[in-house]
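K.L.:
Next comes the sequence, and after it the predicted model I'd like to discuss.
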Amino acid sequence: MQQALRVENLSVSYAGHYAVEDASVSIEAGLLVGIIGPNGAGKSTLLKAILELIPSDHGRVEICGRPLQQSRRTVAYVPQRSEIDWQFPINVLDTVVLGTYPNLGWFNKPGRHERQAALECLRRVGMQDFAQRQIGELSGGQQQRVFLARALAQNADLYLLDEPFVGIDALSERAIIGILKSLRDAGKTVLVVHHDLSKATEYFDRLILINKRILNYGVAAEVCTAGALTKAYLGDLPFTNQLGVAC
């Protein structure tokens, strides 16, 4: 099968200390992949380094066999909500229209076609009735759905989402995971930084287990073993008492 993402020996350090060290993984197209690990394990850093949003010490990243510079338009990114200025004076529809820019080319502006596409993306996430709201007026779950709609408007092949389920309501979480699974079913590839281990095997086809180094990658049920998680979480396993193993 075609590789959607290949990461080779990617390392990122801050002040001489590794946040991610020699990370290597190959992900096939058409998978929904969760990135799990303890706090400070380098999950978000890994995504940002893949996208070259932060500098890496060394390593190589390929998107569908090409470097990021040649495939950037095919990659959509949803950052953590804490990184977004929710007071910025822009409404929901215009926020989603921004997702069409990578496909417009230089000096072109979005027109009627792009606005209709943005409205369709809002309908997909159940936010069409909020098109004229300022983004700061929305709840956390609504904000997350809007930024997912912006990513959908890009019509990418690879989607990277950083903690999309943090601080949102259960209805929004169900809606978002449903959309991510529909993207997977359409042949897209989706990577999600995730913290709730109790839902990892339910949500994802594959899991990346990381604690600065990538410790395991594979089928969710096989990655979520007590031994692997004990190593990654240094013995501090959430949900172990309830489920026997963390996932």
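P.N.:
That came through fine. Nothing here was measured: the structure is a model prediction, and the numbers come from that model.
K.L.:
Can you tell me the centre-most residue of the protein?
P.N.:
By Cα atoms, centre = their mean, the chain has its centre lying nearest to Leu161, at 1.6 Å.
K.L.:
Please identify which helix or strand holds that residue.
P.N.:
Here Leu161 sits within strand 158-162, counting by DSSP states H and E.
K.L.:
Ok, Pro110 next?
P.N.:
Assigned by DSSP H and E, Pro110 falls outside every helix and strand.
K.L.:
Quick check: it vs Arg133, distance?
P.N.:
19 Å (Cβ to Cβ, to the nearest Å). In this view, the C-beta of every residue, glycine as well, is placed from N, C-alpha and C.
K.L.:
remind me which residues of the protein are low pLDDT?
P.N.:
For the chain, residues meeting the criterion pLDDT under 70 lie at 1, 105-107, 235-247.
K.L.:
what about the longest helix in it?
P.N.:
For the chain, the longest helix by residue count, based on DSSP state H, is helix 170-185.
K.L.:
moving C-terminal of that helix, what's the next helix or strand?
P.N.:
By DSSP H and E, the next helix or strand past helix 170-185 is strand 189-193.
K.L.:
Just want the angle from that following strand to helix 170-185.
P.N.:
Inter-element angle recorded for strand 189-193 and helix 170-185: 140 degrees (by axes from the mean of the first three to the mean of the last three Cα atoms, to 10 degrees).
K.L.:
just checking, what packs against strand 189-193?
P.N.:
Secondary-structure packing of strand 189-193 (3 or more Cβ pairs under 8 Å, 6 or more residues apart in numbering; DSSP states H and E): strand 3-14, strand 17-28, strand 32-36, helix 43-50, strand 158-162, helix 170-185.
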